[in-house]
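Asker: below: sequence and its predicted model.
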Amino acid sequence: MALHPVVEQVTNRIIKRSRPSRAAYLAHMEAARVQGVQRGALSCTNLAHGFAAFPANDKLKLKEYKKPSVAIVSSYNDMLSAHQPFETFPAVIKDAVREVDAVAQFAGGVPAMCDGVTQGQPGMELSLFSRDTIAMATAVAMSHNMFDAALYLGICDKIVPGLLIGALHFGHIPGIFVPGGPMTTGISNKEKAAVRQRYAKGEATREELLENESASYHGAGTCTFYGTANSNQMLMEMMGLHMPGSAFITPGTPLRDALTKAAAQQAVAISQQGGQYMPIGHIVDEKSIVNAIVALHATGGSTNHTLHLIAIARAAGIVVDWNDFDELSKVVPSLTRIYPNGEADVNHFQAAGGPGFVIRELLDAGLAHEDVNTILGRGLRAHCKEPFLGEDGKVVFRDVAEKSGDEAVLRPAGNPFANNGGMVLVQGNLGRAVMKISAVKPEYHVVEAPAITFDSQEDFMQRYKDGLLNRDFVAVIRFQGPRANGMPELHALTPALSNLQDAGFKVAMVTDGRMSGASGKVPAAIHVSPEILAGGPLGLVRDGDIIRVDATSGTLEALVTDTVWAARGMASADLSKSHIGMGRELFAMFRSHSSPAEEGAATFPLPSPIQTTVPLHDGIQTDEVQPGSDEDFLFRTQK
């Protein structure tokens, strides 16, 4: 089917907007390539350090300067359920790579913090900036210049975006993302949420709450709701950076290990020495970024990706803004109902058809670009697959089923749950913000009520516990942007706001902070940009101002006269307690250098031009394409 005109229009606009920075990125990337193995650029002393502790046979291969070396960059730790399974992956990878006459080395680890552990705690104020820390840790791991391909082991909130940002700064090196899979299904998400709300009311004990949470988060693997972690996995599938269908296969199973082994051997195949060279910088381009945004909308994914996808794109020289998200959301149908947008979890989604079904439906409906590069070569259609374990213990891929296994969870594009993606841009005299409304009932899409301002989530919770919030109001949670306190998630407020809404009050939240990717039924205008510390107008709001949050018209306004608005001074707050303790003082540089939310809340600049001579390979020169460009790469690889 022909590409949808809005998808085409948005893509072309991004390509045009990004042309200078994308060209600069590709020039950097091409300049970093070497002929032959990457370690050929090292001196003998350098190389001797690089393999000193390695087994003799592997060391011999590295000495020969012929066989590819594969880096393993992992977010393993044994505290966090999603990352604990990665403990056994390096051994599987090394053996798999040896089978195809190559070498794998554990290049380095990256930190992995959990928003589930830090939610509502001081450590949450490190969470967003952990993404850029992970990107830098990835760069440190790859900086030894030993590697011809890389496997990136990550799964959760900031970890996958950070790994991908780091990987893109080594865009000339092929890379494959290797997930660990979700934990098995525990108690229902609806039951979990109900006990949380009862606890917020004081109707459940702490012991009851802990037992409830432990029955939900009960084993190894990713949490099973569709928050940022599992949105990450869907996007890696859609961008062609996973082995097909590998996102939601549970850990500790033979199929999980077979997929890890297949990813390791595919990394060798797409190295320069493997004959199918496919660097990650030519996989992540404007079309693949658009595909990722489309998949985010189609599956009701996390609002955190209105930050992360923008930051990822910028790392590859691609400029995306919230208008792009908004326009695509209007035409992309909602194909899934996964908690918090439904009752099912990701295991139910996988059983109903999984990522491959979604990818096929979007391609068939003309809502995604098929003509992109992936780790399997040219064309996204190769990822419309589901993995199975073959008789020899190796993974085999089959076309996804024609029909959904459960249309209460997953539907075809011709019969969607909704005709839009459920994410909207709202803007007005309070700035620009995003709202996720796929789990918000239509009667709450418009809230007009008096403002109550709060300078912290603790302030909100204290007033809630004191019974001072039993009314219609818009909670304006201020000084929560990246420059103020690192832009923590405010998910801990969800049970209280949900209780107020359930009690019949019209409530909404407006904040320059974030909400969890699993937040749902209360309308929330989040990531308000610019934030107050960047001169954002949220600092002009006063208690009692009538605030209109309107997801239907895309409006975010304080209904205050221009004269009164202009006469007001900016609110201030003592933020010192958010800058000291729990390591927050170490992140002062991040706070002071963060870009606005709509630019990804990132601390890294767009690629800028360098004076360099871009080498032409194979003696090919054409007048139609720029050397080193995506078109030049495609021309040469298809030659």
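Answerer: Looks like it came in fine.

Asker: touching stretch 205-219 from outside, list them.
Answerer: Residues from elsewhere that reach stretch 205-219, judged by Cβ atoms under 8 Å, 6 or more residues apart in numbering: 81, 116, 183-184, 186-187, 189, 191-192, 195-196, 199, 204, 223. Just so you know, the C-beta spots here come from the backbone N, C-alpha and C atoms, and that holds for glycine as well.

Asker: list the buried residues of the helix ranked longest in the chain.
Answerer: Taking DSSP state H as the assignment, the helix of the chain that covers the most residues is helix 5-32. Within helix 5-32, the residues that count as buried by 16 or more other Cβ atoms under 10 Å are 7, 10-11, 13-15, 17-18, 21-30, 32.

Asker: least confident of the contacts of stretch 205-219?
Answerer: Lowest model confidence among those falls on Asn189, which carries 69.

Asker: now for Asp95: which residues touch it?
Answerer: The contact partners of Asp95, by Cβ under 8 Å, 6+ apart, come to Lys261.

Asker: give me the phi and psi for the residue positioned nearest the centre of the chain.
Answerer: With distances taken as Cα atoms, centre = their mean, the residue of the chain nearest its centroid is Asn232 (4.4 Å). Backbone dihedrals for Asn232, given as degrees, to the nearest 10, come out at phi -50, psi -50.

Asker: pretty sure it contacts Lys158?
Answerer: No: under the criterion of Cβ atoms under 8 Å, Asn232 is not in contact with Lys158, lying 9.3 Å apart.

Asker: pull the distance from stretch 105-118 to the chain's centre.
Answerer: A distance of 15 Å separates the C-alpha centroid of stretch 105-118 from that of its chain, computed with Cα atoms, centre = their mean, to the nearest Å.

Asker: and if you look at stretch 13-28?
Answerer: Relative to where its chain is centred, stretch 13-28 has its mean C-alpha point 22 Å off (Cα atoms, centre = their mean).

Asker: cool, stretch 284-300 as well?
Answerer: Taking mean C-alpha positions (Cα atoms, centre = their mean), stretch 284-300 and its chain are 11 Å apart.

Asker: narrow the contacts of stretch 205-219 to those in helices?
Answerer: For the contacts of stretch 205-219, secondary structure assignment (DSSP H) places 116, 189, 191-192, 195-196, 199 in helices.

Asker: okay if I get these as JSON lines plus neighbour count and distance to Met124?
Answerer: JSON lines is the format used below for the ones in helices among the contacts of stretch 205-219 (neighbours: other Cβ atoms under 10 Å; distance: Cβ to Cβ, whole Å):
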{"residue": "Gly116", "neighbour count": "19", "distance to Met124": "10"}
{"residue": "Asn189", "neighbour count": "23", "distance to Met124": "21"}
{"residue": "Glu191", "neighbour count": "13", "distance to Met124": "25"}
{"residue": "Lys192", "neighbour count": "18", "distance to Met124": "20"}
{"residue": "Val195", "neighbour count": "20", "distance to Met124": "22"}
{"residue": "Arg196", "neighbour count": "20", "distance to Met124": "17"}
{"residue": "Tyr199", "neighbour count": "18", "distance to Met124": "19"}
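
Asker: just send these back as JSON lines, with distance to His172 too.
Answerer: Written out in JSON lines, the entries for the ones in helices among the contacts of stretch 205-219 read as follows (distance: Cβ to Cβ, whole Å):
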{"residue": "Gly116", "distance to His172": "36"}
{"residue": "Asn189", "distance to His172": "42"}
{"residue": "Glu191", "distance to His172": "49"}
{"residue": "Lys192", "distance to His172": "45"}
{"residue": "Val195", "distance to His172": "50"}
{"residue": "Arg196", "distance to His172": "47"}
{"residue": "Tyr199", "distance to His172": "51"}
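
Asker: ok, which pair from these is furthest apart?
Answerer: When the ones in helices among the contacts of stretch 205-219 are compared pair by pair using Cβ to Cβ, the farthest-apart members prove to be Gly116 and Glu191, with a separation of 17.3 Å.

Asker: picking up where we left off before, what's the closest of the ones in helices among the contacts of stretch 205-219 to His305?
Answerer: Of all those, the one sitting nearest His305 is Gly116; the distance, using Cβ to Cβ, is 17.7 Å.

Asker: distance of that closest one from Val294?
Answerer: Distance check for Gly116 against Val294: by Cβ to Cβ, to the nearest Å, it reads 28 Å.

Asker: before we move on, back to that, so what's the gap between the longest helix of the chain and the chain middle?
Answerer: The chain centroid and the centroid of helix 5-32 are separated by 20 Å, computed with Cα atoms, centre = their mean.

Asker: pLDDT score for the residue of the chain most remote from its centre?
Answerer: Among the residues of the chain, the one whose C-alpha is farthest from the average of all C-alpha positions is Thr563, by Cα atoms, centre = their mean at 41.6 Å. At Thr563, the pLDDT value in this model is 95.

Asker: isn't Val97 right up against Gln265?
Answerer: Yes: using Cβ under 8 Å, Val97 is in contact with Gln265, at 6.9 Å.

Asker: neighbour count winner among the two?
Answerer: The neighbour count for Val97 versus Gln265, taken as other Cβ atoms under 10 Å, is higher for Val97 (26 against 18).

Asker: would you mark the buried spots in the host helix or strand of Thr45?
Answerer: Taking DSSP states H and E as the criterion, the element that holds Thr45 is helix 44-51. Neighbour-count burial for helix 44-51 flags 47, 50-51 (criterion: 16+ other Cβ under 10 Å).

Asker: do the same with stretch 213-233
Answerer: Within stretch 213-233, the residues that qualify as buried by neighbour count (16+ other Cβ under 10 Å) are 213, 216, 220-233.

Asker: ok, Asp364 - how many residues close by?
Answerer: Using other Cβ under 10 Å, Asp364 has 16 neighbouring residues.

Asker: in contact with it, which residues?
Answerer: Residues touching Asp364, when contacts are defined by Cβ under 8 Å, 6+ apart, comprise 1, 413.
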